[in-house]
Each structure stands twice: as structure tokens, then as C-alpha cells.
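In: just need the structure, nothing else, for what follows:
(2 chains)
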Amino acid sequence: MAYEHASIERRWQEYWDAHQCHTPDLDRARRPFYALMMFPYPSAEGLHVGNVFAFTGVDIQARFQRHRGYDVFEPIGFDAFGIHSENYAMKVGTHPMRLIPNNVANFRRQLRQMGLMVDWSREVSTTEPNYYRWTQWIFLKLYERGLAYRGKAPVNWCPKCATVIADEQVIDGMCERHPDTRVEKKVMEQWFFRITDYAQELLDHLGWIDWSDIVRRAQINWIGRSEGALLRFPVEPGSSSAGAADGPIEVFTTRPDTVFGATYMVLAPEHPRVDALVTPEKRAEVEAYREATRRKDSIERMDLSREKTGVWIGAHAINPATSQPIPIWISDYVLMGYGTGAIMAVPAHDERDHEFARKFALPIVEVLERPADAPPEGAFTSAGKMQNSGPFDGLESEAAKAKITAWLGERGLGEPRVQFRLRDWCISRQRYWGPPIPMIHCDVCGIVPVPESDLPVLLPELEDFRPEGSGQSPLARVEAFHRVACPKCGGAARRDTDVSDNFLDSAWYFLRYPSANDDQHAWDPERTKRWFPVDSYIGGREHSVLHLMYTRFLCLAFRDMGLLPPDPEFKGEPFKRFRAHGLLIKDGDKMSKSRGNVVIPDRYVEEYGADTFRMFLMFLGPYELGGDFRDSGIVGIRRFLERVHRWCTEELPGYPEGPLPREAEVKLHQTIKKVTVDLETLGYNTAIAALMECHNQIRPAAVRNRFAAESFVVMLSPFAPHLAEELWASLGHAPTVEDAPWPVFDPALTVEETVEIAVQVNGKMRDAIAISRDAEEAEVRDAALAREKVRSQTAGKELRKVIYVKNRLINLIVS
RNA sequence: GCCGGAGUGGUGGAAUGGCAGACACGCGGGACUCAAAAUCCCGUACGAGCGAUCGUGUGUGGGUUCGAGUCCCACCUCCGGUACCA
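Out: Below is the predicted model of the structure:
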């Protein structure tokens, strides 16, 4: 009987559904294991093989744990809010409310045909009111806690998206979604979440959480902690009468040791003090520069090769160390968004300041001795011995940092300071396709949250949902939505017409899954206690800093609000283990819609079956590195599964029952060991290779051995679940193979009785000898020396030394 | 610039410092067949040789070691991330 994948896969998918095989009892599970895959973003093109690659890796993990006796919960949902969907809807001219259900249905069909062990009874969808009411509820909770605030800030504005986008969505100054569109700066009033309150804790936890190293590093860099000092530079009295009265200008520096070399200061053009500090005769020039900066888009501003520009604003500050007046400049190389938006410029010891000073002929004072081996020109940016620094001359600069900070501190001119690169999370989006922000603006009462009992704030159906480009959300055009009575005073008020960032939708979805059908809570406390944190989360490294950081932040905040149980072990971290999988490469390029090289799985599933396709994707390369997708190899997997099928269903019944030959038995036990380890470490490609090797060896033995056949089928099951069910039944078992325990190997049977030992002469391979296991050196040496090939190499020479690695190799050193 | 990752046969890729190329694809040969497909078997890094065999070989150049794809140093190339962060 041929391997007919279509009927086999249909049969078992129907069986799983009919018997609810993948719907664990969430309240009574004794050994819960939460296997999470990343929320798919259903697009019209449907699922592509990149998604399948990702999900299959999760499913294999889930099935493996199920065989190990865990109650596995593997949920899925759809993340269909957001700018991607909205832009696509505009492109095809269909309303997202009508478009999304079709896309989701198509996605669901494709996912089902892959044979994932997904609990379809707990599917969630971010665009459903019963989901986004809780997204809005989270907003309210953060607001209550003081973690949501309204701020005016220069934000990234994409003219094509016609909305504000996050820093993280700006790629090289271009919009993430429109690589040809430069992102502009625009000052707007926005909602922010105070993720920076958690900067230190988010950083600390990265020291111990079990996550892919690459993601931990990316987050560490993103948080960007740096230690230094906050220094105060008084404005020179008289140089700017209006500006001096507002107190000193604060700067952040990591090099307080070089403060004696600060010969000028630079403020960001947007710095709020500029207006008051500028002298009348300089005002016109300064205004012109500030206007030019405003118009400059971020790509221009970030271009490092560009020559430095700037304007002296006419005023002076006092260097707090030297008490000398230094000029105050503005320049766009100082960013308002980092530190205080102002710097002390030390041209001798900072490359940027050096370049600027050269251009504008500002004084350069070296306050560190330049070692003889350092280049004589340019800024000297390393540590060194202090000079021209008054009482600190001769000190090592590293040691001087704290001393100078303390010395300035005595006069109230400085203090130690830790600065983070991480910024608060801008939540507002001036778009249509997202959950409305549940806030009301009242002229009398100010900002008033929507009462919880009024949630959800439904997103109105709006035929023309295009953004205007004015910065106003399309929702502002809907009078019935916009105008509302103030919940506090009852007077006329206005709803916030922005929607929240799509990253908020996906920052808590895994909390919703176990409580997907709960109308009373966002997440049921008892269930959450049992299923949180998530045991295994596997996803793309493109989410290293955005999704994964926001998610961690929310969970730490929920923990502090008492919305999540205290957790001394994982300290509120949502994912016990996170692993980043690799990307699929196609024709030397990463597979993506924008490159137009995506591959759709349907054709392959139809022709070869889901099992073959799953296994093929896992065989392409190391799961955590990704692989090169070329379909030429898929027949290899197909042939393998056909052989296994034939072996189980046709050959085994005719074979005599009996033990495997020793060699095959050893191979079997070695394979169990190897596959077990490989599944734990996501080494799927080598696990498959090991199964093939094993099969190639036990099949020719031509015996019917229960343990061998059953072990093999169970090990195959995470990769090829439908076929494994079929074979499990053919071996005489009742369904389902998922309940079969993972095979256990006998360590004594993982080692051969005789081993082949490599023989080297002077480090060069010359021969190999078979000898009994754990043989003593003398025995191996004598055997080696007796070999013809060895003799020809050692003839007439003296044996100087023997290096023997048991069961591996012997190296004879002769002279 | 900085931080990661990767460079191994015709191809995808294997290799706790110990026989480089497992496992596959492809290719060559054979069996079966009237023939083909499918299947099965054998071979397949490169060079020299009829051959046994010998030599060379994991991006480049050095080094450590009895022994290096693996460790160290200095480079080159590709991919990803990030960037006037003071």
C-alpha cells in the first residue's frame, strides 16, 4: 500500500478535531507546558514558508514535551490590527473589517493543514471587541498606575503612513514600511508608557533569563545604560540677561574627567533654553538654523559623513571646573532626545567635538597626556593621565571621574548620573485600524479615563478610513464617536481619536490565550497561576527589541500592580525560555514580501504532504540559524517517509519477531539519545539525519522488534505527526501516538563493543584499527605498530612518544 | 564606525581539540524492465597513478598543540542589527 499522504493527513486531522486531542484541561492539568509561537499577522497573501518554518519548530517542541508526559497547551491567534493591514486594505480598496476575516480564514486553513498541535478552541483575534476591550483595559490600568502619560515630543512622522511611528520602526532614517520614504520630525501631543521606569530592572533580568544570547545582547544595547555625571554649567551673568536667571545648563557626560578641557558647549537646536539664551544680534541667525534643522529629515541629520554645522548663540557659560567663560553653540549633532539635550564639548578628547572645533576654530585643550604610541593628531579618546586639570593633574582619568564629580558636587555643580538610551514607549497612532485609546478630553475636567464599565470603546465602522496627513486621526471625522459626554461632569467632551500602537495588542496576547473565552477577566487569576510564565517561546529575532521588550515591560508592571501573581523565581518575566529561530533564505536573499520572493506552502503540501514539508523545512539547516530554501531536496525527505511507511506497513509484518543484531541495537539506543538531546536544543536538522541513519541500519536487520519499531515511530511523531499516527495504528495501537511515552535509551547499549581507533604517525593519519572497547594503551600501541602501513612509516625510526586517546585515536611520534 | 552571525565538495549542510565532508540533493555506473518511470545496489572533495597508494584540502596570513574546521592573533568577504547616545 502506497504512502498516500492526502488521505492519511485528512484522516488524522479529523480524528484530532473530533476527539479534542489538543484541547488540554487548563484547570486540572497536572504538568502544564505552555508552548508559544509568535502571533501571526494574517496578510492577504496568506501563510508563507517562513511562518511554517517558525511554527513547525514550535510544534515539534510541543509534541516532544507531550511525549514526555506534559499537558501541552499550544495556542494560536491572529494579530490583524495595525498599519500593515490598514495599508494593505487601502491598497486593494477593501475595508479592513471585511478584508481581515477572509485573510484569517485563509490563514486558519493553511495552518490546519500543517498538522499543528494547536488548541483551536482558544483562538484569539486582536481585532475582536472581546479582545481589544482588554487592550483598552490595560491602558486604563497603566494610566491608574501613572505609567501612561501625555507628552509633547518630537516624534517620527512618516508622510506615506501619515502617522507617527516608533523609533524602532525607523530604519536608516526611512520608514520601516516605506523604504523609500524619509521620516520627518514632528512635535505632537502623544500618549506614552513609562517603560523607562523599568529600564534598570529590564536590564538586570537579562543577566539570568534563559533567552537566546543574540536577543539578550540586542536588548542590552537597546536599553543602553551608561554611567557618568550630570554637570551644571552656569550661564555667564551679563552674556544673556534673560537666560542666566533660569539657572545653569545641565549636561550629561560619561567623561567628567575631561571637564577641564570643555572649551565650549553645544545645545540641541530644539533645546528649550535656546530661546532665552540667544542674544538679540544673533537671534536671526539662530532662528534660521533652527528652522533649517526642523526641515531636515532624519536621514540627513544622521548622515555621519556630513560636515558639522552650527551657530554660536552669542551667550557664554562658565566651565564649572576652570571657571572660564566658554561660548554656547547650537548644532544638530546634539540630539534633544538623549541626556539633557546639551553637551559640554571637549574637542581634545571627543571626535565629534574635535571635528566641530576644527571647523569653527574653537580652542582645543588637551587634559590627558597623549601616550607616545597614540596618533599625534585628532581626538585622543582613551583613558590616560591627567594634565591641565588643576588639582587633578597626574591622576589616572578612570579614577578621576568619581573625584571630579564629587568635587563639583560640593559646589552643587554636578552629581553621578546613570543614563539610559531607552525611551518611553509612544503609544498613540493617528490612524483608524486599531483599538481606540480609552480616554476623554474634557475642557472642565481635563483628561478623564473611560470608565471600565463602558469598555470596549468600539471602533466605529468608517467607510473612508484614510488618514488625512494633517496629523488628525480619521476617527476625528466621526462626530458620533468624537463627541461624548464627560464621564465626570457630564459636560460636552471629546474622545481621544488616536488608536493604540499595534505592539500593544501583541504585548499581552499570551496572557489571554488560557482565558480566551472569559468575559469577566482579561486573564483568569487561577488559570494564569497555573500557566504563567510561558515555558517555551520561539520566534523571530526581528522582534528582539520591540515586541519582546514591550512584553517584558508590561508583565513587570502587571506584577507590580498585583495583576500577576508574585513570582520569586522568574520575577515577573513572561517567558521562561525564549529561542530565536533563523530566517529562510531564498536565492541569496531573505524571504520577504517586499523582495517578492516568498514561497507559499500550499503547493508543496498538496504534492508531498504536510509531514514531508514540515520535515523538509526542519532539514534545511540549523533551526536557530535558518536555511536556504530550495525545493530540490524535498524529494529526499519524501523518499525517507515512503521507506519508513513501507517498512512499518508492509515489511515488518512479514519479518520474524526477534532482537536486533547488536550493532543495530546500539544504533537505536544512540539515536534515542541523540534525538532527545537534539530536540531539547532545537537541533532539528541533525535529529532528522540521525533518524535516517538509524532507519538505514535497523531496516536491513529484517526483524520485527517491538521496541525498535515503536521507538522509531514515536521519535518520528514530532516531525511527521500524521504519518506517525498511521504507523502507530499499523503497529496495533489505539490512537493516539501523542500519548505514547518518549523512548528511553539504555546507556550501556549506546556504546559499541569494538571501536575503530585512528592511527596517526607524527600527527598524520595512516591507518585505523578495530579493537575491543576501552583497550589499554599497550595493546593498542602494539596492534598499531604491527600494521603494515604503520611499519612503512616507522621503519628505522625510534618511537619517542605515544599519545593515546581511549576509543578514539593513537598518535605515534617517531624520530 | 560599533555589536552579533557566517565563510567547509557541484548543492543544502555534519563534525565534545582526535579518521573533515555525517545525513540528504544532484551526478555517474549497475540491477529490475521490451522500454521508461518508480524502486534497489555501488560510486562520487581535488590532483597524480592501471593499481595498491601518495600528495593537497575547511575564506587569507601567522601562532599554540603530538594533533586545529574547531583555540589565540592579524586580516578579507558576505549576512543581520545598530548608529553624531555625549
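In: quickly list the domain ranges of chain A.
Out: Dividing chain A into domains by automatic domain parsing, as the record does, gives the ranges A:28-137+A:503-590, A:138-194+A:424-502, A:226-419, A:631-746, A:752-814.
In: buried set for stretch A:345-360?
Out: A:345-350, A:352-357, A:360 (16 or more other Cβ atoms under 10 Å). (Each C-beta comes from the backbone N, C-alpha and C, glycine too.)
In: among these, which ones lie close to RNA strand B?
Out: When Cβ under 7 Å from any atom of the strand is taken as the criterion, the members of the buried residues of stretch A:345-360 that contact RNA strand B are A:350, A:352.
In: thinking again about what came up before, quick one: closest of the domains of chain A to residue A:596.
Out: domain A:28-137+A:503-590 (9.7 Å; Cβ to Cβ).
In: columns secondary structure and pLDDT on top of the buried residues of stretch A:345-360, output as TSV?
Out: Compiled in TSV, these are given as follows (DSSP: H, G, I helix; E, B strand; the rest coil; pLDDT from 0 to 100):
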residue	secondary structure	pLDDT
A:345	strand	96
A:346	coil	96
A:347	coil	94
A:348	coil	93
A:349	coil	93
A:350	coil	93
A:352	helix	91
A:353	helix	94
A:354	helix	93
A:355	helix	92
A:356	helix	94
A:357	helix	94
A:360	helix	95
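In: could you work out the most separated pair of the buried residues of stretch A:345-360?
Out: Using Cβ to Cβ for every pair in these, the one that comes out farthest apart is A:349 and A:360, at 17.5 Å.
In: so where's the stretch 451-600 of chain A uncertain?
Out: A:469-470, A:594 (pLDDT under 70).
In: any part of stretch A:262-273 near RNA strand B?
Out: Yes. Using Cβ under 7 Å from any atom of the strand, we find that stretch A:262-273 touches RNA strand B at residue A:268.
In: buried residues in that stretch?
Out: Along stretch A:262-273, these residues count as buried under the neighbour rule (16+ other Cβ under 10 Å): A:262-271, A:273.
In: next one: that stretch to chain centre, how far?
Out: Stretch A:262-273 has its average C-alpha position 36 Å from the chain's average C-alpha position, going by Cα atoms, centre = their mean, to the nearest Å.
In: equivalent analysis for stretch A:740-760, please.
Out: That offset, for stretch A:740-760, works out to 39 Å (Cα atoms, centre = their mean).
In: tell me how far the ends of that stretch are from each other?
Out: Between the opening and closing residues of stretch A:740-760 lies a distance of 47 Å (Cα to Cα, to the nearest Å).
In: tell me how far the residue nearest the centre of chain A lies from RNA strand B.
Out: Nearest to the mean C-alpha position of chain A, counting by Cα atoms, centre = their mean, stands residue A:544 at 1.9 Å. With the distance defined as Cβ to the nearest atom of the strand, to the nearest Å, residue A:544 ends up 7 Å from RNA strand B.
In: now, among the buried residues of stretch A:262-273, which is nearest to RNA strand B?
Out: Nearest to RNA strand B among the buried residues of stretch A:262-273, counting by Cβ to the nearest atom of the strand, is residue A:268 at 6.3 Å.
In: ok, the closest one touching residue A:334?
Out: Yes. The pair residue A:268 / residue A:334 is scored as a contact, 4.5 Å apart, by Cβ atoms under 8 Å.
In: overlap in contacts, the two.
Out: When contacts are counted by Cβ atoms under 8 Å, 6 or more residues apart in numbering, residue A:268 and residue A:334 have A:341-342 as shared neighbours.
In: surely residue A:320 touches residue A:407?
Out: No. If you go by Cβ under 8 Å, residue A:320 and residue A:407 don't touch, sitting 9.6 Å apart.
In: possible to save the buried residues of stretch A:262-273 as CSV with pLDDT?
Out: Converted to CSV, the buried residues of stretch A:262-273 look like this (pLDDT from 0 to 100):
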residue, pLDDT
A:262, 96
A:263, 97
A:264, 97
A:265, 96
A:266, 96
A:267, 96
A:268, 93
A:269, 92
A:270, 89
A:271, 93
A:273, 93
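In: of all pairs in those residues, which one spans the longest distance?
Out: Taking Cβ to Cβ as the measure, those have their most distant pair in A:263 and A:270, spaced 23.5 Å apart.
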